[in-house]
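Trainee: Turn this into a structure:
(chains A and B)
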Amino acid sequence: MDDEIRMFAEGRPDVPPYPREAREAARRRLLEETRARRGFRLPRLGWQAAGAFGLTVALVGGVAFTLSSTQRDGTAARPAGAVTVAPPTEAVTVEAGGELDPKPGQFVLVESETMYPSYSFGEQESRHLYRTKRQLWRSVDASADGLMSIEGMEPRQFPGWPLPEHAQKWKGTDWHSLASCPDTLGAFRNDYAFLSTLPDDPERMKDFLAQRAKNTNDDAFRAAADLIRETYVPKAQRAALFAAMKGLPGVEVAEGVEDAAGRKGTALGRAAPEQGTVEQLIFDPETFAFMGERGTVVDEKAAGAPVGTLLSLTAQTAVSVVDTLPDAPTAGHDSACDPKPTPTGTAPGVEPTPIPSPPAKSGRSADPSAPESVEPTPVPTETPSDPATATVVPTRTG
Amino acid sequence: MVMAQALDDATLVGQSMSEPEMFATLFDRHADEIFRYAARRLGPELAEDAVGEVFLAAFRGRARYDRTRPDARPWLYGIATNVVAQHRRAERRRTQAMARLAPDRPGSFDERSADRVTAEQLQPRLAKALTRLSAAERDLLLLVAWADLTYEDVALALDIPVGTVRSRLHRLRTKVRRALGGIDPFREEPEHG
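Mentor: Model prediction:
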């Protein structure tokens, strides 16, 4: 390293370690955000959040767009029936007892309605509750890519916060391809074939949940929620999961709890003190089918909303099995599973290019008036001015 | 069974597309390092907020992460650089405050002697030199000097060609040298590089 640089390197200010409390708070904030966006593969809301944050998140570090396309086509979602196990849409085999019998090569289709809080930071902080109708097709045996559609529904206000402007752009439907790569996902698979291999007794299911929770630094309750949202779990595993969750520390049972579709079920809930809410997962008391979830404020200060406010409310309105995916030309390519060249250390794409000559204030004057005039922020090459209608062409420059 | 901890950053980011919670592992991996960098530039208090902002921005922009890069640090430092830029005014105050310490220290003979100048005592002078640099030059210099990134990583972080990194560093070294009084305080040697 050159001397001048070494002087700075050696002169770096001593700093205290990241205070534990602040670190945990930042991590919680991040987790909250991940939950609010759970399942969203770059939905319009993602763009809006990025927009709200301004250029900060726009194209940093020479990254390429690798996202699925987000074109909207205005497709209206089918009205969702209030049944847990739907009648066949195309090719469904229903066993006795109303259970689905998904076969390899088919797809499980889960339809749901969701409401989650959205928090935007940046120049203009805002909060609102965004609502969607979702359809998610997942290959029964992870042998094919899946598909997801997200249709905006009218947003609601977060108590005490005006609806932000970007929340108004909720209309339309986004299609997203969901790449399948079971080998990469390993124990994080959520396809039917994998779920069928899970333990069917509560104790071993608890162990599995603990293991999965450990890998995401989460708790077993949330690991269980991740397992049952927008999936079809076979009956034996469902029962084991319900019993396992019921036995988790702090979990309380409540009867007659309503989901977003107004259906009543048995809720397993536990406090999420950091969010100031109680999180409940609602099940059909007889089949243990997952019906929906509910997040209710119990601590006004932590949640920033009055006690009793519903911050999240969902319903899984239908689960069915289909042979084929619908046509979704706007879904684009999901590069999540693309093979990665394994560069060793340095980036293959970055070549020492001919030295361009920035306006060199030649040698003599170290112009002290210059400092604040030069902005380092790389100008994004593609910043959709209207996130909701932007068409992003997936490209890779890596 | 695949452990989240065993996955490289690129794979984690990829998985976080469908399992957003996986992104927390990235935080666990790099938050302390990003905090140290932000704290050096903004002071520890502002850095607490900045780290949260960096990871939220990273999470929201994760679809744009180039997954051919197994190490997310350059990407995170790039975002951190932009977050620091948003707090630029705070940074300027901090730099100026550090620089102001310089005249307050008359310095004994020993302190002025090149051999005895410790990094810590040099700080106000360095801070002063920093104020002579443009914002872009500061970002570049401090990523190299404080974040221990390679030139290639810095190029990724700032989204500029690595050749540009080298040429800018060359120019800013000259500026620094001049700001420090025209001589290399450590040893006398002709300009190079």
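
Trainee: what kind of secondary structure is A:Leu311 in?
Mentor: Classification of A:Leu311 using DSSP: H, G, I helix; E, B strand; the rest coil returns strand.

Trainee: was I right about it contacting A:Leu129?
Mentor: Yes: under the criterion of CB atoms under 8 Å, A:Leu311 makes contact with A:Leu129 at 6.8 Å. Just so you know, the C-beta spots here come from the backbone N, C-alpha and C atoms, and that holds for glycine as well.

Trainee: Which neighbours do these two have in common?
Mentor: Shared contacts of A:Leu311 and A:Leu129 (CB atoms under 8 Å, 6 or more residues apart in numbering or on different chains): A:116-117, A:158.

Trainee: Which residue in those residues has the weakest pLDDT?
Mentor: Least confident entry in these, by pLDDT: A:Pro117, with 80.

Trainee: ok, now how distant is A:Glu21 from A:Arg28?
Mentor: As judged by CB to CB, to the nearest Å, A:Glu21 and A:Arg28 stand 11 Å apart.

Trainee: more neighbours, the two?
Mentor: A:Arg28 (15 against 9; other CB atoms under 10 Å in any protein chain shown).

Trainee: The more buried one is in what secondary structure piece?
Mentor: Per DSSP states H and E, A:Arg28 falls inside helix A:20-36.

Trainee: do A:Ala239 as well
Mentor: Judged by DSSP H and E, A:Ala239 forms part of helix A:235-246.

Trainee: C-alpha coordinates for that helix, PDB please?
Mentor: Below are the C-alpha coordinates for helix A:235-246, written out as PDB (Å, rounded to 0.1, in the frame of the first residue of the first chain):
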ATOM      1  CA  LYS A 235     -51.900 -34.300   6.700                       C
ATOM      2  CA  ALA A 236     -49.600 -36.400   8.900                       C
ATOM      3  CA  GLN A 237     -47.000 -33.600   8.900                       C
ATOM      4  CA  ARG A 238     -49.600 -31.000   9.300                       C
ATOM      5  CA  ALA A 239     -50.800 -32.600  12.500                       C
ATOM      6  CA  ALA A 240     -47.300 -33.000  13.800                       C
ATOM      7  CA  LEU A 241     -46.600 -29.400  13.000                       C
ATOM      8  CA  PHE A 242     -49.700 -28.200  14.800                       C
ATOM      9  CA  ALA A 243     -48.800 -30.300  17.900                       C
ATOM     10  CA  ALA A 244     -45.200 -29.200  17.800                       C
ATOM     11  CA  MET A 245     -46.100 -25.600  17.600                       C
ATOM     12  CA  LYS A 246     -48.600 -25.900  20.400                       C
END
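
Trainee: who does it touch, helix- and strand-wise?
Mentor: Using 3 or more CB pairs under 8 Å, 6 or more residues apart in numbering or on different chains; DSSP states H and E, the elements in contact with helix A:235-246 are helix A:202-215, helix A:220-228, strand A:264-272.

Trainee: does any part of the last one sit near chain B?
Mentor: Translated: strand A:264-272. No: figure legend: strand A:264-272 not in contact with chain B (CB under 8 Å from any CB of the partner chain); closest approach 13.6 Å.

Trainee: Show me the contact partners of that strand.
Mentor: A:221, A:242, A:245-246, A:248, A:250-259, A:277-285, A:291-292, A:294-295, A:298.

Trainee: Can you list the strands that it pairs with?
Mentor: Within its sheet, strand A:264-272 is paired with strand A:252-258 (antiparallel), strand A:277-283 (antiparallel), according to DSSP bridges.

Trainee: Packed most tightly, which of those strands would that be?
Mentor: The highest average neighbour count among the strands paired with strand A:264-272, using mean count of other CB atoms under 10 Å in any protein chain shown, belongs to strand A:277-283 at a mean of 24.

Trainee: and the angle for whatever helix or strand comes next after that one with strand A:277-283?
Mentor: The C-terminal neighbour of strand A:277-283 among helices and strands, as given by DSSP H and E, is strand A:290-297. If you take axes from the mean of the first three to the mean of the last three CA atoms, to 10 degrees, strand A:290-297 sits at 170 degrees to strand A:277-283.

Trainee: Spatially nearest residue to A:Thr114 (excluding sequence neighbours)?
Mentor: Distances taken as CB to CB, 6 or more residues apart in numbering or on different chains place A:Thr314 nearest to A:Thr114, at 4.4 Å, with adjacent residues excluded.

Trainee: What segments of the chain are helices?
Mentor: Using chain A here. Ranges of helices in chain A, per DSSP state H, are A:3-10, A:20-36, A:44-52, A:182-185, A:192-195, A:202-215, A:220-228, A:235-246, A:300-303.

Trainee: my bad, the chain I had in mind was chain B
Mentor: Going by DSSP H, chain B shows helices at B:9-15, B:23-42, B:44-60, B:73-86, B:88-104, B:109-112, B:119-131, B:135-146, B:151-158, B:162-179.

Trainee: Which among these is found nearest to A:Leu209?
Mentor: helix B:23-42 (16.8 Å; CB to CB).

Trainee: In the closest one, which residues are buried?
Mentor: B:23-27, B:29-31, B:33-42 (16 or more other CB atoms under 10 Å in any protein chain shown).

Trainee: and it, what's its mean pLDDT?
Mentor: The average pLDDT for helix B:23-42 rounds to 92.

Trainee: Likewise for stretch A:308-320?
Mentor: Per-residue scores along stretch A:308-320 average to 94.

Trainee: May I have that stretch exported as PDB, CA atoms only?
Mentor: Below are the C-alpha coordinates for stretch A:308-320, written out as PDB (Å, rounded to 0.1, in the frame of the first residue of the first chain):
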ATOM      1  CA  GLY A 308     -55.900  -3.900  19.100                       C
ATOM      2  CA  THR A 309     -54.800  -2.600  15.700                       C
ATOM      3  CA  LEU A 310     -54.500  -5.300  13.100                       C
ATOM      4  CA  LEU A 311     -51.200  -4.900  11.400                       C
ATOM      5  CA  SER A 312     -51.200  -8.100   9.500                       C
ATOM      6  CA  LEU A 313     -54.100 -10.200   8.400                       C
ATOM      7  CA  THR A 314     -54.100 -12.900   5.800                       C
ATOM      8  CA  ALA A 315     -56.200 -15.800   4.500                       C
ATOM      9  CA  GLN A 316     -55.100 -18.800   2.400                       C
ATOM     10  CA  THR A 317     -58.300 -18.900   0.400                       C
ATOM     11  CA  ALA A 318     -57.800 -22.000  -1.800                       C
ATOM     12  CA  VAL A 319     -55.300 -24.800  -2.300                       C
ATOM     13  CA  SER A 320     -55.500 -26.900  -5.400                       C
END
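
Trainee: list the buried ones in that stretch?
Mentor: Quick answer for stretch A:308-320 (16+ other CB under 10 Å): A:309, A:311-320.

Trainee: out of the residues you listed, who's nearest chain B?
Mentor: Closest approach to chain B among those (CB to the nearest CB): A:Ser312, at 14.3 Å.

Trainee: Could you verify my assumption that the closest one touches A:Pro117?
Mentor: Yes: A:Ser312 lies in contact with A:Pro117 (CB under 8 Å); the separation is 6.7 Å.

Trainee: Count the residues that sit near the nearest residue to B:Val162 once chain neighbours are set aside.
Mentor: Nearest non-adjacent residue to B:Val162, counting by CB to CB, 6+ apart: B:Ala155, 4.0 Å away. A count of neighbours around B:Ala155, defined by other CB under 10 Å, yields 28.
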